[in-house]
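Student: Here's a sequence, model it:
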Amino acid sequence: MPGYRKSNTATTVRPAGRRRKRAPQRRTAGWGHFLFWIAIVAGLAWSAYFVLTNPRFYVHRVTIDGVRTLNPAHIEAAAQVPARVNIFRFWLEKRGVFCARIQACDPVIESESVAIDLPNVLRVRIVERQPFAVLNLPEATSYILDSNRVPYRTIALNQAQSPIVTIPVTTERIVEGHQLPSDIDSHVKAGYYLLELLTDRHIGPLSDIEDLTVDKNNNINLRLHSQLLIKLGQTDGLPDRLAAVETALAADPSLASKAQYLDFTTSRPAIMEKAPPPAAMPDKSTDTANTAVTPLSSDIGH
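Tutor: You can find the predicted model right below:
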């Protein structure tokens, strides 16, 4: 017929009732991976069960290192390690409580750490506080302080081997092993600043410290074992005043023995010399003259 174009595409006629067959999907590889992970999980579970129930991994011994003044048996008793406990379960479940009991058993303990030494040993490492100064409270108990200003032992002043810091505060709020109350700590901090400066500068004549006092305004007075009192004033500008003290003692080493006190709290340092030994009939006018406050050498200043 005119205008009719025959299609070259052949048409396939599918018989009624017949469907195309699909190729079967292969799931063998997927099942293999699944079974592999099942085996891994089962193996891990069995290993965990073996480790957590095997008597070989029960805690049999506790070793304590680092103690100097404490009794290791006292620490072990305070820590309360239970009998027949698995070392791994102890590490995971009870280590925090164990460390807290160790810390609380004595205020001299600054820090502690626990490690396991397979198969059955707990190893405890103790760091004890070291004395840095002695806090003297008027009409109250004296305490040994560490370098962080933490009191951890009471002590009699006549037994003190560290510099004594005396402050004009009395309180019953001091707890051994804990930071000082803020009102006390502010005064002690001023005294520590001086002690740290002396340690850093290595000023020979000032290494023989007996005690230092800090008043309510944080003015510092330093006393040597020779009984020389050095008035240093506020912490502001303290390094410069220490340099002036060093210069004065270097220029006249006899100041340490002949002076009653040196005053460096003003722009013109002054000295008060000790009174001479009393005679049979002491002359009061002579004593007054010998103990008068006089300026130090003009080349010593701030």
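
Student: Just list the residues touching I102, thanks.
Tutor: By CB atoms under 8 Å, 6 or more residues apart in numbering, the residues touching I102 are 75, 78-79, 109, 112, 124, 126. For every residue, glycine as well, the C-beta is placed using N, CA and C.

Student: Repeat the analysis, applying 6 Å as the threshold.
Tutor: 79, 112 (CB atoms under 6 Å, 6 or more residues apart in numbering).

Student: Any stretches of the stretch 1-150 of the chain with poor pLDDT?
Tutor: Counting by pLDDT under 70, the stretch 1-150 of the chain has low-confidence residues at 1-29, 47-51.

Student: give me every residue that touches the closest residue to A156 other than its chain neighbours.
Tutor: Counting by CB to CB, 6 or more residues apart in numbering, S142 is the residue found nearest to A156 once chain neighbours are left out, at 7.0 Å. Contacts for S142 were tallied using CB under 6 Å, 6+ apart; they are 134, 136, 155, 157.

Student: which residues does K231 bridge with?
Tutor: Beta-bridge pairing for K231 (DSSP bridges): N221, D263.

Student: Now do it against K216, distance only.
Tutor: 16 Å (CB to CB, to the nearest Å).

Student: With neighbour numbers in mind, choose between those two.
Tutor: K231 (17 against 10; other CB atoms under 10 Å).

Student: Can you tell me how far V97 is from R61?
Tutor: For V97, the distance to R61 equals 20 Å [CB to CB].

Student: Which helix or strand contains R223?
Tutor: strand 220-224 (DSSP states H and E).

Student: all strands of the protein, in order?
Tutor: 61-65, 109-117, 121-128, 133-136, 142-145, 151-155, 164-166, 209-214, 220-224, 229-233, 259-263, 270-273, 293-295 (DSSP state E).

Student: buried ones in stretch 183-199?
Tutor: 184, 187-188, 190-195, 197-198 (16 or more other CB atoms under 10 Å).

Student: With distance to T166 and pLDDT as added columns, please give those in a markdown table.
Tutor: Formatted as a markdown table, these follow (distance: CB to CB, whole Å; pLDDT from 0 to 100):
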| residue | distance to T166 | pLDDT |
| --- | --- | --- |
| I184 | 12 | 90 |
| H187 | 9 | 93 |
| V188 | 10 | 95 |
| A190 | 12 | 94 |
| G191 | 9 | 95 |
| Y192 | 13 | 95 |
| Y193 | 16 | 95 |
| L194 | 13 | 94 |
| L195 | 13 | 93 |
| L197 | 18 | 91 |
| L198 | 17 | 89 |
